[in-house]
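Novice: Task: produce atomic coordinates for the following.
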Amino acid sequence: MSKSAAPQMMSLSAEELEKLLVELRGPLAPATYQLVEALLRTLQWVMTALEQKTASLARLRRTIFGEKTEKAPRPRILLERTCMNHCVVGSQIF
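Specialist: Below you'll find the predicted structure:
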């Protein structure tokens, strides 16, 4: 996808997301499923935070990429897979 082309915007309710994840669990390898689940839950969290205006863009940037310091100018890894199919973004657990 080029930088100028915006993706088609999709919206799923929490129930629709859960149904989609149930459907994906079977055909995907466990490690792939965990990654897809973490990505979708992260996207859902970010979209909800923006829609509800519960977080500023600066706070979201820090949550996703971590604090920018002289010692660590590069963004941290966005997602870390954990047991129990939870998603960790920064210090937030979903």
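Novice: which parts of stretch 29-43 are buried?
Specialist: Neighbour counts over stretch 29-43 (16 or more other CB atoms under 10 Å) mark 33-34, 37-38, 40-42 as buried. Any C-beta I mention is one placed from the backbone N, CA and C, and that applies to glycine too.
Novice: Between the residues you listed, which sits nearest E23?
Specialist: Distances from E23 to these, taken as CB to CB, are shortest for Y33 (10.8 Å).
Novice: Could you measure from that closest one over to P27?
Specialist: Taken as CB to CB, to the nearest Å, the spacing of Y33 relative to P27 amounts to 9 Å.
Novice: per-residue confidence at the residue nearest in space to the middle of the chain?
Specialist: For the chain, the residue lying nearest the average C-alpha position, counting by CA atoms, centre = their mean, turns out to be T42 (1.8 Å). In the prediction, the pLDDT value recorded for T42 is 88.
Novice: So it versus L17, what's the distance?
Specialist: Relative to L17, T42 is positioned 12 Å away (criterion: CB to CB).
Novice: cool, L50 as well?
Specialist: Applying CB to CB, the value for L50 to L17 is 16 Å.
Novice: repeat for G66
Specialist: 26 Å.
Novice: With T32 instead?
Specialist: When distance is defined by CB to CB, T32 is 17 Å away from L17.
Novice: Would you map the helices across the chain?
Specialist: Along the chain, counting by DSSP state H, helices occupy 14-25, 30-52, 57-65.
Novice: Which of those sits closest to A5?
Specialist: Counting by CB to CB, A5 lies closest to helix 30-52 out of the helices of the chain; the figure is 18.2 Å.
Novice: So which other helices or strands are in contact with the closest one?
Specialist: Helices and strands in packing contact with helix 30-52 are listed as helix 14-25, helix 57-65, strand 80-81, strand 87-89; criterion 3 or more CB pairs under 8 Å, 6 or more residues apart in numbering; DSSP states H and E.
Novice: most neighbours per residue, which of the ones you listed?
Specialist: strand 87-89 (a mean of 20; mean count of other CB atoms under 10 Å).
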